[in-house]
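S.K.: With the sequence up front, the predicted model follows.
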Amino acid sequence: MGEHDGVPVPGALVQADQPWGDAALARLYDAFPFAADLPLYLELAAAEGDRVLELACGSGRVLVPLARAGHHVAGLDASPHMLALARDKLAAAGPEVAARARLVRGDMRAFALDGPFDLAVIAVKSFAYLVDRPDQLRALRAVAAHLRLGGVLALDLLHPAPAWLLEPPGSLRQDLVQQVPAQGVTVARTEAVVSIDLAAQVRVIRSAYEVVADDGTVTKRFVEWPFRYTYRFEAEHLLERAGFEIEAVYGGYRREPFASESRTMLFLARRRE
Ligand SMILES: C[S@@+](CC[C@H](N)C(=O)[O-])C[C@H]1O[C@@H](n2cnc3c(N)ncnc32)[C@H](O)[C@@H]1O
């Protein structure tokens, strides 16, 4: 039994149980490529200045393309295994690109990096790993403290739409199969809802992976973690308390208006002057 903002959550795992807690699971994250958000972050970095901070940078999915584009990037992540993948990608990109990037193992709730930065990014729902309101606020305040005045935070959250909230325990959210030639495996991923607590705003998610190697060996892995969803105006209040001014909320990575049916809820928030 976990507890979030004073509300008990059956089945929730403690924060230390991160899904990317070993090397094999970190590699599985990269088996399902996603790039729809990259043009937006490249555009923001070009517009805001080239010192970029990415929190929960993971395996470098966003950070490496930013460094390739000529920006100076610092990436912070809690998982040494995800950071090791990012380091490998930077090494493969060559010394000039790698020289523009810094990777730091740390916790987005409390960190101190040399700054200031022009742009900060928290991509693909990584903020949802913070399950308590004080943790959310600590992280946002730490970001604000690392941005120059007028610097921008891009915060990509999930829109907790009613249909998503009402998916009952046991429902399968996704079922993906992917060949990964670089790893010599085929991976099937099934994501299931374990529990949903509307009072605590926490859904516990289980990702099950079946990994079939080219020699026929089958390995099964699963991870389970609490996902804290945040409503639009709750996020706005949090950002404002942390010292930001809301500049925009988009419903997609092409700056679509945020609307009832949006799946994404992406904030651009500027550190207040
Ligand atoms: C789903 S991955 C996303 C990685 C990356 N943001 C991307 O867009 O590909 C989530 C990442 O959040 C990291 N993470 C979770 N809680 C964290 C925390 N408190 N501080 C820093 N990183 C954290 C995990 O280690 C993992 O690499």
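M.R.: Great, that's in hand.

S.K.: my guess is Val211 is in a strand, correct?
M.R.: Yes: with DSSP: H, G, I helix; E, B strand; the rest coil as the criterion, Val211 is located in a strand.

S.K.: now it, which residues is it bridged with?
M.R.: Val187, Thr219 (DSSP bridges).

S.K.: doesn't Lys220 make contact with it?
M.R.: Yes: counting by CB atoms under 8 Å, Lys220 is a contact partner of Val211 at 7.5 Å. Using the backbone N, CA and C atoms, a C-beta is placed for each residue, glycine as well.

S.K.: So which of those two has more stuff around it?
M.R.: A count of neighbours by other CB atoms under 10 Å puts Val211 above the other of Val211 and Lys220, at 20 against 9.

S.K.: Partner strands of the strand or helix carrying Gly151, with direction?
M.R.: Element membership of Gly151, judged by DSSP states H and E, is strand 147-158. Using DSSP bridges, the strands paired with strand 147-158 are strand 117-122 (parallel), strand 264-271 (antiparallel).

S.K.: can you tell me if the last one touches the ligand.
M.R.: No: applying CB under 6 Å from any ligand atom, one finds strand 264-271 out of contact with the ligand, separated by at least 12.6 Å.

S.K.: So what's the residue count around the residue of the stretch 151-273 of the chain at minimum distance from the ligand?
M.R.: Nearest residue of the stretch 151-273 of the chain to the ligand: Asp156, at 8.1 Å (CB to the nearest ligand atom). Using other CB under 10 Å, Asp156 is surrounded by 22 other residues.

S.K.: show me where this protein has helices.
M.R.: 23-29, 38-48, 63-68, 80-93, 95-99, 133-146, 162-165, 232-241 (DSSP state H).

S.K.: who's in contact with the first one?
M.R.: Contacts with helix 23-29, where a contact means CB atoms under 8 Å, 6 or more residues apart in numbering, come from 19-20, 58-59, 79, 81-82, 84-85, 183, 187, 189, 209, 211, 219, 221, 223.

S.K.: With the second one instead?
M.R.: Residues lying outside helix 38-48 but in contact with it, judged by CB under 8 Å, 6+ apart, are 52, 62, 65-66, 69, 71, 118-119, 121, 123, 151-152, 154, 253-255, 266, 268.
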